[in-house]
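Asker: Provided below are the primary sequence and the corresponding predicted coordinates.
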Amino acid sequence: MRPFFAIFFLFLLSSCFSPPERNCSDFKTGTFTFEALIGTEIETTTFVRNDSIEIDYFRGKADTSSIRWINDCEYIVKKINPKNMAEKKAVHIRILSTDNQSYTFEYGIVGGTGKEKGTAVKVK
């Protein structure tokens with residue numbers, strides 16, 4: 001009888017942990033904000049994205065990037081008019097989880113090993 005209770009307890013425990021929600025298609029287009037710590041200040045970027053273009057607004061300047069979707073939850077962003085070598089590098093973004101108005105993502109330079117995480121909020 002003891003093994004039954006152990007198996008039942010494990011089943012109950014494992015049923016409480018479900019994978020994160022990923023409704024990525026809800027976030028392919030729209031207007032979003034993203035906050036990041038740059039130096040000692042929190043900076044906000046606003047970006048408007050359709051299926052193939054993203055326009056970023058940061059510190060009063062706009063910049064346009066192309067988007068190539070790998071699947072519903074992953075895409076590559078590449079600046080259309082890079083101003084230096086760093087901006088020429090494409091960025092791989094993978095949506096990890098979603099909720100009603102935001103998504104958590106992981107991003108890094110294509111071919112690089114470093115990854116960062118962030119959260120974008122859909123405002124429109």
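Answerer: Great, that's in hand.

Asker: tell me what I67 is bridged to.
Answerer: V77 (DSSP bridges).

Asker: so where do the helices sit in this structure?
Answerer: 2-15, 85-88 (DSSP state H).

Asker: quick one: contacts of the last one?
Answerer: This means helix 85-88. K79, P82 (Cβ atoms under 8 Å, 6 or more residues apart in numbering). Where C-beta positions appear, they are placed from N, C-alpha and C, glycine not excepted.

Asker: contact partners for D56?
Answerer: Here D56 is in contact with T45, T46, F47, A62, D63, T64, S65 (Cβ under 8 Å, 6+ apart).

Asker: show me the beta-bridge partners of the spatially most central residue of the chain.
Answerer: Centroid-nearest residue in the chain: F105, 2.7 Å away (criterion: Cα atoms, centre = their mean). Here F105 sits in beta bridges with I95, G118, as judged by DSSP bridges.

Asker: surely it meets A120?
Answerer: Yes. The pair F105 / A120 is scored as a contact, 6.6 Å apart, by Cβ atoms under 8 Å.

Asker: quick revisit: tell me the one of the contacts of D56 nearest S25?
Answerer: The nearest member of the contacts of D56 to S25, counting by Cβ to Cβ, is F47 at 17.6 Å.

Asker: burial measure for the closest one, as a count.
Answerer: 19 (other Cβ atoms under 10 Å).
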